[in-house]
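Enquirer: Task: produce atomic coordinates for the following.
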Amino acid sequence: MTLDDALEQLRAQIEPGRAEGQKAYHKQTREVWGIPNPALNDLTKEWRQSLSVDERVALADQLWKTDVFEARIAAAKLLTQARIRPDDAVWDLIQSWIPDFDSWAIADHVCMAGQKRLVADPTRIDDVEKWTKSDHMWTRRAALVITLPWTKQNNPKDADLAIRDRVLGWADGYVSDPEWFIQKAIAWWVRDLSKHAPDRARAFLKPHAKTLLPFALKEARKHLPPPAQLQKEAKDKWRAEKRKLREESWGRKPQDDSDEDG
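Expert: Down below sits the predicted model:
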């Protein structure tokens, strides 16, 4: 498939009257065609199935260089797949795009592709760490977005816990950064982590409660129970354990909490 073929197929998916609204919503200065995301999903899925890895890398590179909004998103979607072998060229191309980031939609689609390559080879975390020192805000932000899979593990291995702590260390260095998108990325990371490791999320937030911007702190705490609820849960647990010990000492079978009077 040539670039012209791909662009022709993309243009066929343009929804009349959509471009202006998309351009305003995504605050784009580049050309926007007005293609719905489901159409991009269907089209790039067909391309992934019909093209070799090398062909996909070449086409993605060409699509990115057009600087058309939907073409860049299509380039990212073309490389978004869990199993790609070999994938070094894919990872290298994704990394080459990071300095071009200038808006969240394109950045997040590329990071979704990058997440799968990072999970496939976690040693690439060394590459990502270099981004945290960049003067480019979107590059610094990408270091958190691309590592989001490490917030979602229910049974992380030691190596996963090490990566989780490493990324939280980067976030610790970002806390004083007033950039809205950086604060939002910290909140996103900790919020998602709190669903699977609430104690770790709470431990990160405790020393930063007065440094994070209020909106970011609120978002990060979204799924964490408030202090009053934690106190009630601790009290209920203590009462249940005390009752169990008392009943065992009497030789009775421990009862359910619902059987207790008052």
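Enquirer: Enumerate every residue touching F69.
Expert: Applying Cβ atoms under 8 Å, 6 or more residues apart in numbering, we find F69 in contact with Q22, K23, H26, Q28, R30, E31, V32, W33, A105, I106. Any C-beta I mention is one placed from the backbone N, CA and C, and that applies to glycine too.
Enquirer: swap the cut-off to 6 Å and go again
Expert: By Cβ atoms under 6 Å, 6 or more residues apart in numbering, the residues touching F69 are Q28, R30, V32.
Enquirer: For S194, state which of these is nearest.
Expert: Nearest to S194 among the contacts of F69, counting by Cβ to Cβ, is Q28 at 32.6 Å.
Enquirer: So the closest one, which state does it fall into?
Expert: Q28 falls in the coil class when you classify it by DSSP: H, G, I helix; E, B strand; the rest coil.
Enquirer: Now it. Its backbone dihedrals?
Expert: Main-chain torsions, Q28, degrees, to the nearest 10: phi -100, psi 140.
Enquirer: And the pLDDT for it?
Expert: Looking at Q28, its pLDDT reads 96.
Enquirer: Roughly how far does it sit from W97?
Expert: 16 Å (Cβ to Cβ, to the nearest Å).
Enquirer: So between the two, which is more surrounded?
Expert: It is W97, of Q28 and W97, that has more neighbours when counted by other Cβ atoms under 10 Å, with 22 against 17.
Enquirer: which SSE is the more buried one in?
Expert: Using DSSP states H and E, W97 maps to helix 88-97.
Enquirer: and after that helix, which helix or strand comes next?
Expert: Counting by DSSP H and E, the next helix or strand C-terminal to helix 88-97 is helix 104-120.
Enquirer: now that following helix and helix 88-97, what's the angle there?
Expert: Interaxial angle, helix 104-120 versus helix 88-97 (axes from the mean of the first three to the mean of the last three Cα atoms, to 10 degrees): 150 degrees.
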